[in-house]
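Engineer: can't give you the sequence, but here's the structure:
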């Protein structure tokens, strides 16, 4: 996706993602500032430590007239009459000050952890919420793998950025800065010499890690090709075996495996060159400092103690440079992750985009007033000029071929989709003025392929009313009985406690449908929709379920989408949908008399005759 | 991938299992040379690391030459110092280059070898293995586990070597210079060890637990996406969010706790080291007073105390990582050592060759008579699917299998393909038990068309050629023409070179079916198995498919798990199955006339299709 971006757009994107990186921190910025403050003190103490060695050599062992460079407040603690006592006090103070630093590091790490975890927690929740609230059209087009990648890896990358990388950059800058300051106080010339090569190292490191980033992409692509091959080989194992192509598969894999290994090795070669070359440069810098240091010590420009301190400070500057280069090089990764998250987060969800505010009483009168609908990416109308009135308590059967618009019609009623022309009214309120949650709470819709959650059967049935989980109410079993799934459930090893969904047992299509019916029956609904949701249940059970329903749900308006004429026949009215229009409507009897499409289906389903066979010779 | 993580738990044990490691170490044999070389480079590097502060000591003691508070500089030795430094730099740079290169070689080649072996084994495993094992599980073995193992066995071993060598060198050098000060300096090392091991182990444990929560979160995202419409219709957004919030809160709390725990480790180490340094300063400073040691030695010892931390930390980390990696090792070994349940006997292999090397000259021509003799079959789990099943099919006959889900249609097909073997009884092909011939023999005479045709990424040409790898372009096109696929292929801009996408995703369902027919007809099998698709396609494609099926079946023994009316009607014999038994058999006309099970099934299942027909 990113590769197709033009260069200017990319730049603009980086600017935006930088702003977002900080915007998402939100109200937690004081924690970040506190971490920075602690970092300052921690780094400060660290740059004092070399002065202890200097103190011992120059002051206690007496190698310099200029004496100790330790700050005054520490010096005051080190007054003693004999050198031995001074030595003891110095050692003790060193431990004490290191203990202070250790405690501060602990506090700093805790602060940072709280900070980055809170921010990413907020981001994870926000992302999840957004996904839940996105409309039907988003979810029907979405690529699950891609979104999950964003929700996990990209958020993780961002978290590493705010929790590790920002902190690390700050830490290194403080360490380098304070060390330079301390060195400058000791000797300016030697400080400047110490800084000669540092910028070179930084430049090389930034350049290198940028470049390696590209190689990483090549490696990832090669690995992806190889894993795709394994994936296809494994999921197509039948085809491989049936065509006896095992050998071919192995040879093909061998090639991909080799290629991936070789590009991985190319990275290793680059790495070894980088690390050894920069090691060499870094040590050259150390060597330079040492030689000049020795000369300066020889002509008394600096003391012996200062010389040893310089050696340590040099380490505080040179190694962090390489590290900084790496962090800067990694920055682009975060920028990509942030913009991928942003692509989802900026979208408008359906409750913001098109929602009503009314929460009227819903009793079950439904009117479609010349409604037409087409999908956003389609040129023709999926439904055209649908016009009907259904009264409270009526049962309507909808039949028609696959693709005739039956499901779309019902999706409009629960506003999973929004129509372009006409109006749908429930109890005289246009549904686009009704708050969506309110609307859906009053309309029960059971999909043809219902989704069950990774929970127990009991929890799945009671999903709309979680109080029932804890109270172990009989209500769950009651609805299971109505939906004719109780007997199936008690035959499972763990009964109602059986786990279903992705991580549990696989229920048959019919069992799933009946669990979905049961969960919808938990609370009374003025409008019920069965979207072909008894298709996987045999005809006998189908009738039993519908009879049980009739008793309990006399008041509700019911829409049944079905292929079975026996089911349709018992409805108060039947709508026959054909190519997006209601071609016929009326009672069973009136439609039979009409001698149209319905009659044709009826004939086929009720009395198969042998002329079918005669019609077979189509070739 | 992480939504499969819950299956990974069964492999984590705490004891070191040497048997497993022995098998994994055997992968190192072909690259022994690089293992030894990288370890050698690392040992040299450790030695130079230990000697480095010694160069500074030389500068202090020999050049600056402090004596009783006075320096007696001797710049004559400066060139020696520079010389030593340059030699050190060169050795350091070369060794760093070599150890990274060689360890990288070990890492990449080891991963390569593991994957190669695993993939090879996967080809040998029978279909039943794939039925029982999730694709994600296998994928994780081929990717993350092989990577984990190769990392730990390359960089891990290297780090370990470096740590051990450096420590030993440091201790030896220190003792040579001044044993008493050496004892004082290393006093903290055992404590450092205990603490590092403790922290490392617990930190890894904490992160393992976090990973578990993380995989739950991934699962929740997955469920949130796949169940989105259901969530909306049941108005469960808030409830789902609350569940999710429970997980992320748990994640947050655990992560903070783990970070705090980890945050204690480094400060503890700093504190310990400061004690070590303070001891050296105090004791060493006094020794300088007593002229027992030089200032340079004091400097050297304080540097060494700092240097102890890295190797100790490395060694502790590697111990903990090894424990973690054992889970990966066990899983890989379990994959590689899975015994194929269906394999040719040695005798058969002698005559007909292995799966990868056929002895085609010994293959008998296959005529196409198929017979089931008292076949009983049961899957790993579940009930007996077939009991004493008998069936005789003559060469060239087409058999349609119909019946409800679970009636045994797929099982029969699986047995014919020898994806599974009968639990009892025999399947005869041309009158001979098919176990007496090789899998290669059967499969090179078998055509198989799946319900959801599985295509591979690659061009249309390559996909069709999969049926017969040696086929020329002309033969491929001929096959496509024979099943009415040529026309739609030519309508693509790139024709036969059109990419099919992963799993054939760039083709429509109907197009995929036609390509899979072409693939099957190119193989020119004697026995054809066709699991017909239920999915609906547009009328035009449907016509093409029906024509193609008739061409495909001509002159072959065929078994069809049928969903299309026309296919069933045109087959020689229809078998109506229920609970693993044939409850009716005969031609379409006979079965309709008898008004039995088939009649009922027919009227229920195919009414919509007939409605479609009646309109044309």
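Structural biologist: Arrived safely. The model shown is predicted, which means the values in this text are computed figures rather than measured ones. Residues are numbered from 1 along each chain as shown, chains lettered A, B, ... in the order given.
Engineer: which pLDDT value goes with the residue nearest the centre of chain A?
Structural biologist: In chain A, the C-alpha nearest the mean C-alpha coordinate belongs to residue A:151, at 1.2 Å (Cα atoms, centre = their mean). As summarised for this prediction, residue A:151 has a pLDDT of 90.
Engineer: tell me the SS of it?
Structural biologist: Secondary structure for residue A:151, judged by DSSP: H, G, I helix; E, B strand; the rest coil, is helix.
Engineer: how about residue A:522?
Structural biologist: coil.
Engineer: look up how far chain B lies from it.
Structural biologist: In this structure, residue A:522 and chain B are 10 Å apart, going by Cβ to the nearest Cβ, to the nearest Å. C-beta coordinates here come from the backbone N, C-alpha and C atoms, glycine included.
Engineer: that residue contacts residue A:479, correct?
Structural biologist: Yes - judged on Cβ atoms under 8 Å, residue A:522 makes contact with residue A:479 at a distance of 5.7 Å.
Engineer: got any residues that touch both of these two?
Structural biologist: With Cβ atoms under 8 Å, 6 or more residues apart in numbering or on different chains applied, the overlap between the contact sets of residue A:522 and residue A:479 consists of residue A:461.
Engineer: more neighbours: which of those two?
Structural biologist: Set side by side, residue A:522 and residue A:479 show more neighbours around residue A:479, with 23 against 20, by other Cβ atoms under 10 Å in any protein chain shown.
Engineer: helices along the stretch 251-400 of chain B, start to end?
Structural biologist: B:295-336, B:346-352 (DSSP state H, counting those that start in this stretch).
Engineer: once you drop chain neighbours, what's closest to residue A:235?
Structural biologist: Here the nearest residue to residue A:235 in space, its sequence neighbours aside, is residue B:135; by Cβ to Cβ, 6 or more residues apart in numbering or on different chains that works out to 5.3 Å.
Engineer: burial count for that neighbour?
Structural biologist: Neighbours around residue B:135, by other Cβ under 10 Å: 16.
Engineer: what pLDDT is listed against it?
Structural biologist: Value for residue B:135, per-residue pLDDT: 79.
Engineer: that one reaches residue A:230, doesn't it?
Structural biologist: No - Residue B:135 lies out of contact with residue A:230 (Cβ under 8 Å); the separation is 9.1 Å.
Engineer: low-scoring stretches of the chain, by residue?
Structural biologist: Using chain A here. Regions of chain A meeting the criterion pLDDT under 70 cover residues A:1-14, A:402-403, A:472, A:501-506, A:536, A:539, A:604-619.
Engineer: to clarify, I was referring to chain B.
Structural biologist: Counting by pLDDT under 70, chain B contains low-confidence residues at B:1-15, B:381-382, B:405-406, B:533-540, B:564, B:602-616.
Engineer: run the last query once more with 50
Structural biologist: Per-residue confidence for chain B (pLDDT under 50) gives these ranges: B:1-10, B:615-616.
Engineer: just the strands from it, written as ranges.
Structural biologist: Secondary structure of chain B (DSSP state E): strands located at B:66-67, B:70-71, B:370-378, B:384-393, B:398-402, B:424-429, B:432-433, B:446-449, B:527-531, B:557-561, B:573-578, B:581-586.
Engineer: leaving out the residues flanking it, which one is nearest to residue B:196?
Structural biologist: Using Cβ to Cβ, 6+ apart and skipping the chain neighbours, the partner closest in space to residue B:196 is residue B:316 (3.6 Å).
Engineer: where's the one you found relative to chain A, distance?
Structural biologist: 18 Å.
Engineer: who are the contact partners of that residue?
Structural biologist: When contacts are counted by Cβ under 8 Å, 6+ apart, residue B:316 is found next to B:193, B:196, B:197, B:199, B:200.
Engineer: and for the closest residue to residue B:239 other than its chain neighbours, the neighbour number?
Structural biologist: Closest residue in space to residue B:239, ignoring its immediate chain neighbours: residue A:466 at 6.5 Å, by Cβ to Cβ, 6+ apart. Here the number of neighbours of residue A:466 (other Cβ under 10 Å) works out to 14.
Engineer: residue A:202 now?
Structural biologist: A count of neighbours around residue A:202, defined by other Cβ under 10 Å, yields 18.
Engineer: so how far is the strand or helix carrying it from its chain's centroid?
Structural biologist: Residue A:202 is located in helix A:198-235, with elements delineated by DSSP states H and E. Here the centre of mass of C-alpha atoms in helix A:198-235, compared against the chain's by Cα atoms, centre = their mean, to the nearest Å, lies 23 Å away.
Engineer: great, nothing more from me.
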